[in-house]
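**Student:** Below: sequence and its predicted model.
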Amino acid sequence: MLIVMTVLTGLIYPLVITGIAQVVFPSQANGSLIDREGKPLAGGGAAAGSALIGQPFDAPQYFWGRPSATAPFPYHAGASTGSNWAVTNPSQTDAIKARVAKLRESGIPAGQPIPVDLVTASGSGLDPHISVAAARIQIARVASARGMSEQNVRRLVEQHIEARQFGIWGEPRVNVLRLNLALDAVRAESRLAAVGAP
């Protein structure tokens, strides 16, 4: 019985489930990887990242995601965790103050409220999304750093708003990696146009 169950549950079942997943949900089964155009990775192309795992963007020309509490580096998928600090923990207070100060230095006026998801880590530490408000509050900085009009950057943000799941669950959100890839694509197109490339 031990040998039979080992073969059934340890070999046959995983192979069947993996095969079904590869046929029915190939992108999800392979980590929801996306290419430089923000599209599901196909074939043997290079991955820009996963649509389900955040990345540590901190340059002014990019939209910034949620802070990550994973160690030894941000968004470490092998160490998914939150800080588990209570709101009364001095370490949590100090971390939030430092994040607020960084955002203020980036150009957000002192009187303007900062969305909470820009200063607090998610429970997993891997959240790839930010709220629509968190994206919109960064438009001026990104536009200035890239030499783009705020209107064009705002248009990209609006194009990358993901609706509630099935129209009822969660809140509208923006995938930071997809948005930043779209920004880079605009820059690449501008360079090609400047040199008269076909």
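**Tutor:** That came in fine, so what should we check first?

**Student:** Which stretches in this protein count as strands?
**Tutor:** Here the chain has its strands, by DSSP state E, at 33-34, 49-50, 129-131, 161-162, 173-175.

**Student:** Pull up the pairing partners for the last one, direction included.
**Tutor:** Under the criterion DSSP bridges, strand 173-175 sits next to strand 129-131 (antiparallel), strand 161-162 (antiparallel) in its sheet.

**Student:** Packed most tightly, which of those strands would that be?
**Tutor:** strand 129-131 (a mean of 22; mean count of other C-beta atoms under 10 Å). For glycine as for every other residue, the C-beta is placed from the backbone atoms N, C-alpha and C.

**Student:** circling back to that earlier point, adding distance to residue 91, write the strands paired with strand 173-175 out as JSON lines.
**Tutor:** Formatted as JSON lines, the strands paired with strand 173-175 follow (distance: least, C-beta to C-beta, whole Å):
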{"stretch": "strand 129-131", "distance to residue 91": "23"}
{"stretch": "strand 161-162", "distance to residue 91": "32"}
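
**Student:** and these as JSON lines, adding distance to residue 176 and mean pLDDT?
**Tutor:** Below are these laid out as JSON lines (distance: least, C-beta to C-beta, whole Å; pLDDT from 0 to 100):
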{"stretch": "strand 129-131", "distance to residue 176": "6", "mean pLDDT": "96"}
{"stretch": "strand 161-162", "distance to residue 176": "11", "mean pLDDT": "95"}
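
**Student:** To residue 104, which of these lies closest?
**Tutor:** Ranking the strands paired with strand 173-175 by proximity to residue 104 (C-beta to C-beta) places strand 129-131 first, at 17.6 Å.

**Student:** what residue ranges in the chain score low on pLDDT?
**Tutor:** Across the chain, the ranges flagged by pLDDT under 70 are 42-44, 188-198.

**Student:** From the centroid of it, which residue is nearest?
**Tutor:** residue 128 (2.6 Å; C-alpha atoms, centre = their mean).

**Student:** Report the separation between it and residue 49.
**Tutor:** Distance of residue 128 to residue 49, computed by C-beta to C-beta, to the nearest Å: 8 Å.

**Student:** Overlap in contacts, those two.
**Tutor:** 55, 177 (C-beta atoms under 8 Å, 6 or more residues apart in numbering).

**Student:** give me the number of residues near the closest residue to residue 134 other than its chain neighbours?
**Tutor:** With sequence-adjacent residues excluded and distances taken as C-beta to C-beta, 6 or more residues apart in numbering, residue 134 is closest to residue 115, at 4.1 Å. By other C-beta atoms under 10 Å, 18 other residues sit near residue 115.

**Student:** show me the contacts for residue 115.
**Tutor:** So residue 115 contacts 130, 131, 133, 134, 137 (C-beta under 8 Å, 6+ apart).

**Student:** Over to it: give its phi and psi.
**Tutor:** Main-chain dihedrals, residue 115, degrees, to the nearest 10: phi -60, psi 140.

**Student:** what bridges to residue 169?
**Tutor:** Bridge pairing for residue 169 - DSSP bridges - gives residue 165.

**Student:** quick one on the thing from earlier: any idea how far the residue nearest to residue 134 is from residue 130?
**Tutor:** Between residue 115 and residue 130 the computed distance is 8 Å (C-beta to C-beta).
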